[in-house]
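Visitor: Model the structure of this input:
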Amino acid sequence: MQMRRIFIFSAALVLAGLFTAPAFAATVTLRYGSSGAAVTTLQNELISAGYLAAGNNNGNFGPLTLAAVKKFQCAKSIVCSGTSYGLAGPMTQAALQLYAIPVQPATVGGTSLTGPATGKFEFSGWVPYWNSGTSTKDALAHLSQLTSIMPFGYTMTTDGTLVDTAHLGSEPFASLIAAAKAQKVRVVPTVMWGNGAAIQNVLSNQASRVALEVQIVNAVKQNNFDGIDIDFEAKQADTVNFFSVFLKELYARMGNKFVYCTVEARQPLEDRYSPGATIPPDATQYANDYGAMNKYCDRVEIMAYDQGTIDVRLNDARSAPYAPVADPGWVSDLVTLAAQSISKNKLIIGVPTYGYEYQVTPVASGFQYKVLWALTPRYAMSVASQLGITPTRTSANELGFTYNANALQAVAPTDGDSTQTQQSAPQGGVAQNLGSQVNGTQPFNYITWSDAQAIADKVALAHKLGLRGVAVFSFGGEDPNMWGVLK
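Guide: Purely as a prediction, here's the structure:
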């Protein structure tokens, strides 16, 4: 699954003097020879996790418990050598507490879901710093329709330092934030981090993890924000428990402030693999723990976009050309899978406002899609106008068209035409479609995008599924008719 990633070019370091002391009492470290109720709890958790045989919960930290702790620590990449190996400290105990949650669902068939949302339906959206002039202007003009704005604002250095890349205290963000507060629209800035190795290094170390939590809490409280949106992408599977511990501790530190969690789309197995295909053993080793997110996130925003050719079931069921930004059928499956573990009171559909251009080549097994670039509706309509083409609805009910690349010089979008220059592309590949709406013998270019009607489909889907709301990614380049369907 492709994800949105922000490339960090430069960053100013946050002064260590801004940090405050952690607010939690230290967890007692258990070791060989320890005894008591805390050891019994540790043993019960090791038994539940399958690392200690049943019946060995006698409250004495002996050789069997030591071996079980070491096995768990090594398996979960906590520590596998050195003086702390075999010591059940705060990190090991926290990881064990979160390890005992139910197995993460992998399929949408024959499952029970959480109940429908009971709160007010919410409309929110991200305000990117790389297009701050237009994005803040659009959000400012429509604050009355919004529940929250997420200034796409904070980034991270590799050592775990929080950076205000958007300069949220300066214009144009300062005016938007002030107006939002005046109209009681939540201001929940996003912290975006897409370096999986760095995330693992920082979150797996208690000191650096706590330091990051404190930085985030300080930024929220010092700026009187309503909360924070955590968008840590490209995480390694081994990071899952450390990330859950981070969310748990951050949630406690934030008090009455909101914790939003933005998460990559998790696709059901039946959408990822063809019938009869061999499913790899690691297919359900996820980097995000939906159970922990349900506990420690006030909102869970599913990034339901950048589908491309990844859904093998829909590839077979839709007519070519088919490489959508977000087919409603695909989005429905993503959300249904999440709703098995996460309360619908918290679930938000992330809705795209952009599109992609592909170079498409007919091949023996279907069509080969190569992503050229991301684009805005304005750019797409400009190309269509130059070619004298009227865009039509695609089989994913987005707006799109095909054209002969030789009829128009292919020029990469400029900042004036495509503001999604920091949007990574969906996965390309070969799709075997049900039928074709195009000539199946010659290469062609294909443009598809999320217009107001496609956005309306997602709003209707969120209502139908009983979700808390939708959040658009992003303001500043969307189909202007979008504002008429956010209702």
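Visitor: Walking through the stretch 301-450 of the chain, point out its strands one by one.
Guide: 347-352, 355-363, 366-375, 392-393, 399-403, 429-431, 444-449 (DSSP state E, counting those that start in this stretch).
Visitor: now those in a markdown table, with mean neighbour count and distance to Gly227?
Guide: No exception for glycine: its C-beta is placed from N, CA and C like everyone else's. Converted to a markdown table, the strands of the stretch 301-450 of the chain look like this (neighbours: other CB atoms under 10 Å; distance: least, CB to CB, whole Å):
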| stretch | mean neighbour count | distance to Gly227 |
| --- | --- | --- |
| strand 347-352 | 27 | 13 |
| strand 355-363 | 21 | 30 |
| strand 366-375 | 21 | 28 |
| strand 392-393 | 11 | 38 |
| strand 399-403 | 21 | 34 |
| strand 429-431 | 19 | 38 |
| strand 444-449 | 23 | 31 |
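Visitor: Export these to TSV and append columns for distance to Gln97.
Guide: Converted to TSV, these look like this (distance: least, CB to CB, whole Å):
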stretch	distance to Gln97
strand 347-352	24
strand 355-363	42
strand 366-375	41
strand 392-393	49
strand 399-403	48
strand 429-431	40
strand 444-449	44
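Visitor: And those strands: which comes nearest Ala94?
Guide: With CB to CB as the criterion, Ala94 lies closest to strand 347-352 of the strands of the stretch 301-450 of the chain, at 25.6 Å.
Visitor: Counting by contacts, list what the closest one packs against.
Guide: If you count contacts as 3 or more CB pairs under 8 Å, 6 or more residues apart in numbering; DSSP states H and E, strand 347-352 packs onto strand 299-303, helix 328-338, helix 452-465, strand 469-473.
Visitor: And the third one, what does it pack against?
Guide: In other words, helix 452-465. Using 3+ CB pairs under 8 Å, 6+ apart: helix 452-465 touches helix 328-338, strand 347-352, strand 469-473.
Visitor: Let me have those in TSV, extended by mean pLDDT and distance to Thr65.
Guide: Output for the helices and strands packed on helix 452-465, formatted as TSV (pLDDT from 0 to 100; distance: least, CB to CB, whole Å):
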stretch	mean pLDDT	distance to Thr65
helix 328-338	96	36
strand 347-352	98	40
strand 469-473	98	46
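Visitor: Among the ones you listed, which comes closest to Gly86?
Guide: Of all these, it is helix 328-338 that lies closest to Gly86, at 37.1 Å by CB to CB.
Visitor: ok, and what's touching that closest one?
Guide: Residues from elsewhere that reach helix 328-338 (CB atoms under 8 Å, 6 or more residues apart in numbering): 105-108, 113, 265-268, 271, 290, 300, 302, 304, 307, 311, 314, 317, 324, 347, 349, 396-397, 457-458, 461, 465, 467.
Visitor: go on, stretch 227-234?
Guide: Looking at what lies outside stretch 227-234 - CB under 8 Å, 6+ apart - the contacts are 3-5, 150, 186, 188-196, 199, 216, 219-220, 243, 247, 250, 254, 257-262, 264, 297-298, 301.
Visitor: Quick one: buried ones out of the residues you listed?
Guide: 3-4, 150, 186, 188-196, 199, 216, 219-220, 243, 247, 250, 254, 257-262, 264, 297-298, 301 (16 or more other CB atoms under 10 Å).
Visitor: Filter these down to just the ones in helices.
Guide: If you go by DSSP state H, the buried ones among the contacts of stretch 227-234 have 196, 199, 216, 219-220, 243, 247, 250, 254 in helices.
Visitor: from these, which single one is nearest Ala452?
Guide: Distances from Ala452 to these, taken by CB to CB, are shortest for Val220, at 33.5 Å.
Visitor: for the stretch 1-150 of the chain, what are the low-confidence residue spans?
Guide: 1-27, 98-102, 110 (pLDDT under 70).
Visitor: and if we set it to 50?
Guide: Applying pLDDT under 50 to the stretch 1-150 of the chain flags the ranges 1-3, 5-26.
Visitor: Would you map the strands across it?
Guide: Ranges of strands within the stretch 1-150 of the chain are 122-128, 148-156, based on DSSP E, counting those that start in this stretch.
Visitor: what helices or strands is the shortest one leaning on?
Guide: What it means is strand 122-128. The helices and strands touching strand 122-128, judged by 3+ CB pairs under 8 Å, 6+ apart, are helix 132-141, strand 148-156, strand 469-473.
Visitor: just to revisit the earlier point, ranking the strands of the stretch 301-450 of the chain by mean pLDDT, which is last?
Guide: Among those, strand 429-431 carries the lowest mean pLDDT, at a mean of 72.
Visitor: Can you give the strand pairings for it, parallel or anti for each?
Guide: Its sheet considered, strand 429-431 pairs with strand 366-375 (antiparallel) by DSSP bridges.
Visitor: what angle sits between the partner strand and strand 355-363?
Guide: Here strand 366-375 points in a direction 160 degrees away from that of strand 355-363 (axes from the mean of the first three to the mean of the last three CA atoms, to 10 degrees).
Visitor: Okay, angle between strand 366-375 and strand 347-352 too, please.
Guide: Using the same axes, to 10 degrees: strand 366-375 against strand 347-352 is 90 degrees.
Visitor: Now do strand 366-375: distance to the chain's middle.
Guide: Put simply, strand 366-375 sits 23 Å off its chain's centre (CA atoms, centre = their mean, to the nearest Å).
Visitor: wait, is Ala211 part of a helix?
Guide: Yes - counting by DSSP: H, G, I helix; E, B strand; the rest coil, Ala211 falls inside a helix.
Visitor: wait, doesn't it sit right on Gly160?
Guide: Yes - with contact defined as CB atoms under 8 Å, Ala211 counts as touching Gly160 (6.5 Å).
Visitor: Identify the bridge partners of Ser124.
Guide: Note on Ser124: beta-bridge partners by DSSP bridges are Ser148, Ala471.
Visitor: ok, it to Arg313 distance?
Guide: Note on Ser124: its distance to Arg313, by CB to CB, to the nearest Å, is 30 Å.
Visitor: Out of the helices and strands packed on strand 347-352, which gets nearest to Arg378?
Guide: helix 452-465 (13.1 Å).
Visitor: and the angle for that closest one with strand 469-473?
Guide: With the same axes, to 10 degrees defining the directions, helix 452-465 sits at 150 degrees from strand 469-473.
Visitor: In contact with Ser474, which residues?
Guide: 125-128, 131, 135, 152, 353 are the contacts of Ser474 under CB under 8 Å, 6+ apart.
Visitor: Any chance of the helices and strands packed on strand 122-128 in a markdown table with distance to Gln206 as columns?
Guide: Formatted as a markdown table, the helices and strands packed on strand 122-128 follow (distance: least, CB to CB, whole Å):
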| stretch | distance to Gln206 |
| --- | --- |
| helix 132-141 | 36 |
| strand 148-156 | 18 |
| strand 469-473 | 32 |
